[in-house]
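**Student:** Based on what follows, work out the 3D shape:
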Amino acid sequence: MNLEQARFNMVEQQVRPWEVLDPRVLSVMEHTPREQFVPDNHKQLAYADLEIPLGHDESMMRPTVEGRLLQALDIQPRDVILEVGTGSGYLTACLAQLGGHVESVDIHEDFTRAAQRPLRDLNLSHVNLATGNAAEGWSGRHGQYDVIAVTASMARYREDFERQLSPGGRLFVVVGEPPAMQAMLVIRVGENDFSRHALFETRLKPLVGFEPAPRFVF
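**Tutor:** Residues are numbered from 1 along each chain as shown. Predicted coordinates for the structure are as follows:
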């Protein structure tokens, strides 16, 4: 496989047609070696628009969804970013190249360990990886964040994460239950004021602690 051509094709044939037009986002995705973050047994699928299994019943997000997430957050070079759900570390790498500092937390310690090497190989020293359950609250190194990217869904929207946004901060999260799940952008426009915008329909596995309520069948 010609990896450079595969990255170019991913951007031009998958990501861009899905209304991702921000040149910084497209450039980062074209130049970040996604294959380094994919499990060995799925490397041939690194640039397919698929959810690639990672273990623990978790998957990498599709490149098209990652592109829309990055574009919606309008990340600036000095932004302090919280990523909830490190996963493979690929999105972490994209966030780090667009922003100032990334703090990424995952509930699975083996994901945290595995992501360290490819991030280090890309010389992304302004990334801090941690293992923990962000659904229970996450103070981390920063009290507030300019950007929060939640890489899993909430069955019902809760305001937990938006309170960690700095003034003008942006939060990306997917809300709902299959088949109707909606990507949302939340912006902190004042001390107690938030604007919430529906972006597009997609599907993501629920964040631990934000699962749908059990359904009882009689």
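
**Student:** From the centroid of this structure, which residue is nearest?
**Tutor:** The centre of the chain sits closest to Thr151, judged by C-alpha atoms, centre = their mean, with a distance of 4.2 Å.

**Student:** That one contacts Leu91, doesn't it?
**Tutor:** Yes. Counting by C-beta atoms under 8 Å, Thr151 sits close enough to Leu91 to count as a contact (6.4 Å). (Each C-beta comes from the backbone N, C-alpha and C, glycine too.)

**Student:** Overlap in contacts, those two.
**Tutor:** 61, 83 (C-beta atoms under 8 Å, 6 or more residues apart in numbering).

**Student:** Could you check the pLDDT of the residue nearest to the centre of the chain?
**Tutor:** Per-residue confidence at Thr151 stands at 95 (pLDDT).

**Student:** Checking my notes, it in a strand, right?
**Tutor:** Yes. Judged by DSSP: H, G, I helix; E, B strand; the rest coil, Thr151 forms part of a strand.

**Student:** Which strands and helices lie in contact with the longest strand along the chain?
**Tutor:** Using DSSP state E, we find that the single longest strand of the chain is strand 165-177. Here strand 165-177 touches helix 63-73, strand 145-154, strand 180-188, going by 3 or more C-beta pairs under 8 Å, 6 or more residues apart in numbering; DSSP states H and E.

**Student:** tell me the mean pLDDT over the longest helix anywhere in the chain?
**Tutor:** Longest among the helix segments of the chain by residue count, using DSSP state H, is helix 109-121. Averaging pLDDT along helix 109-121 gives 97.

**Student:** Just the buried residues of that helix, please?
**Tutor:** Neighbour-count burial for helix 109-121 flags 111-112, 114-115, 118-119 (criterion: 16 or more other C-beta atoms under 10 Å).

**Student:** Can you lay out those as JSON lines showing distance to Phe210?
**Tutor:** Formatted as JSON lines, those follow (distance: C-beta to C-beta, whole Å):
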{"residue": "Phe111", "distance to Phe210": "18"}
{"residue": "Thr112", "distance to Phe210": "20"}
{"residue": "Ala114", "distance to Phe210": "24"}
{"residue": "Ala115", "distance to Phe210": "22"}
{"residue": "Pro118", "distance to Phe210": "28"}
{"residue": "Leu119", "distance to Phe210": "26"}
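
**Student:** ok, the residue lying closest to Trp138 once chain neighbours are set aside - contacts?
**Tutor:** Excluding its sequence neighbours, the residue lying closest to Trp138 (C-beta to C-beta, 6 or more residues apart in numbering) is Val105, at 5.9 Å. If you count contacts by C-beta under 8 Å, 6+ apart, Val105 has them with 82-86, 129-132, 134, 138, 140.

**Student:** Could you measure from Val105 over to Met154?
**Tutor:** 16 Å (C-beta to C-beta, to the nearest Å).
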